[in-house]
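**Q** Here is my input; please provide its structure:
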Amino acid sequence: MDNKNTEWLSNIFPQYMAHKLRGDNIKEYKKAEELITGKVTAPDCGCAYHSYQSKVNQLYNTWVKRNT
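**A** Coordinates of the predicted model:
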């Protein structure tokens, strides 16, 4: 992962973690997931956003622990 993406994950993405996952910030969650895992598994239905948000937050927290 290049420095630009590492910086985005470290400094920008955490700003979205404090908000409820909605259509306006789903793209940031997709970007974070893709940077961390190399793939996107975002649900098509908003009814599954809560579990998707939890999954990506957990991936992010694991990434932070490995990279700090």
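**Q** packing partners for the helix ranked longest in the chain?
**A** Of all the segments of type helix in the chain, defined by DSSP state H, the longest one is helix 49-66. In terms of contacts (3 or more Cβ pairs under 8 Å, 6 or more residues apart in numbering; DSSP states H and E), helix 49-66 is packed against helix 13-17, helix 26-37. C-beta here means a position set from N, CA and C on the backbone, and glycine is covered the same way.
**Q** deepest of those, which one?
**A** Ranked by mean neighbour count under mean count of other Cβ atoms under 10 Å, these are led by helix 26-37, which reaches a mean of 17.
**Q** average model confidence for it?
**A** On average, the pLDDT along helix 26-37 is 97.
**Q** can you check stretch 5-18 too?
**A** When pLDDT is averaged along stretch 5-18, the result is 95.
**Q** circling back to that earlier point, the longest helix of the chain vs helix 26-37, what angle?
**A** For helix 49-66 against helix 26-37, the angle between stretch directions is 40 degrees (axes from the mean of the first three to the mean of the last three Cα atoms, to 10 degrees).
**Q** Check what contacts helix 49-66 and list those residues.
**A** Outside helix 49-66, the residues within contact range by Cβ atoms under 8 Å, 6 or more residues apart in numbering are 9-10, 13-14, 17, 20-22, 26, 29, 32-33, 36-37, 41-43.
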